[in-house]
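# Turn this into a model:
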Amino acid sequence: MSREAFERGLGQGIQADVDRFFPRHTVPALERLYAERFESHLGHLRVMDGVASVFDALRRRGLPSAVITNTPAAIARGLVERAGATPDVLVGGTDVPRAKPAPDMVLLACERLGIPPAESWVVGDTAFDRDAARAAGARFAGLGLEGDVTLGRLTDLLVHLEGDGVV
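Residues are numbered from 1 along each chain as shown. Here you go, the predicted model:
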């Protein structure tokens, strides 16, 4: 697989991985393969600057948070912890019937947090994130990606929320 093909698919769900890259596999088989081999690739994981400080700032300000990811929930828990994120809710790709860009993850996270989607922000760095936010009726803050707000770096979210009167 070319780097370009990989990057185009970054952030898509496992069903899309099967459809696009692994047509001879089933979703459960690919989930098992990911679970077995993922840890050996953790050295390639890049954690975005400011993850821990943004979650800490949200908590100090009394704002609930969630992480939504197409990554299977069992793998996502370790990744979220490793990144220093401390969300109130985690919704992984195996927790909903349809992966992003469907709205399912956003809707489930909002339900678990007790927040209407229209009063929430989805922060993401892929079109899958943006499309899920829009489909759910949430606002979207794009990290280097056009959205209702475009952020240059994750910590810019706090500046935006202050300017928006949220915090």
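# Now do the helices in this structure.
3-9, 14-20, 27-37, 51-60, 73-83, 104-113, 127-136, 156-163 (DSSP state H).
# helices and strands around the third one, which ones?
Okay, so that is helix 27-37. helix 14-20, helix 73-83 (3 or more C-beta pairs under 8 Å, 6 or more residues apart in numbering; DSSP states H and E). All C-beta atoms are positioned from the backbone trio N, CA, C, and that covers glycine.
# Now tell me what touches it from outside.
14, 15, 17, 18, 22, 25, 72, 74, 75, 94 (C-beta atoms under 8 Å, 6 or more residues apart in numbering).
# Mark which of those are buried, thanks.
Among the contacts of helix 27-37, the ones that count as buried by 16 or more other C-beta atoms under 10 Å are 14, 17, 18, 72, 75, 94.
# Just put the residues you listed in TSV and tack on distance to residue 138 and pLDDT.
Output for the buried ones among the contacts of helix 27-37, formatted as TSV (distance: C-beta to C-beta, whole Å; pLDDT from 0 to 100):
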residue	distance to residue 138	pLDDT
14	23	69
17	25	72
18	27	72
72	23	83
75	24	82
94	21	86
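# Can you tell me which of those is closest to residue 85?
residue 75 (14.1 Å; C-beta to C-beta).
# quick one: the closest one and residue 81 touch, right?
No. Here residue 75 lies out of contact with residue 81, judged by C-beta atoms under 8 Å, at a distance of 11.2 Å.
# Tell me where the model's unsure across this structure.
1, 5-14, 40-47, 163-167 (pLDDT under 70).
# What is the most widely separated pair among the contacts of helix 27-37?
Farthest pair in these, by C-beta to C-beta: 22 and 74, 19.0 Å.
# And for the protein, the residue most distant from the center?
residue 24 (26.9 Å; C-alpha atoms, centre = their mean).
# of the helices of the chain, which approaches residue 147 most closely?
Comparing the helices of the chain by C-beta to C-beta, helix 127-136 comes nearest, at 5.8 Å.
# for the closest one, which positions count as buried?
127, 128, 129, 130, 131, 132, 133, 134, 135, 136.
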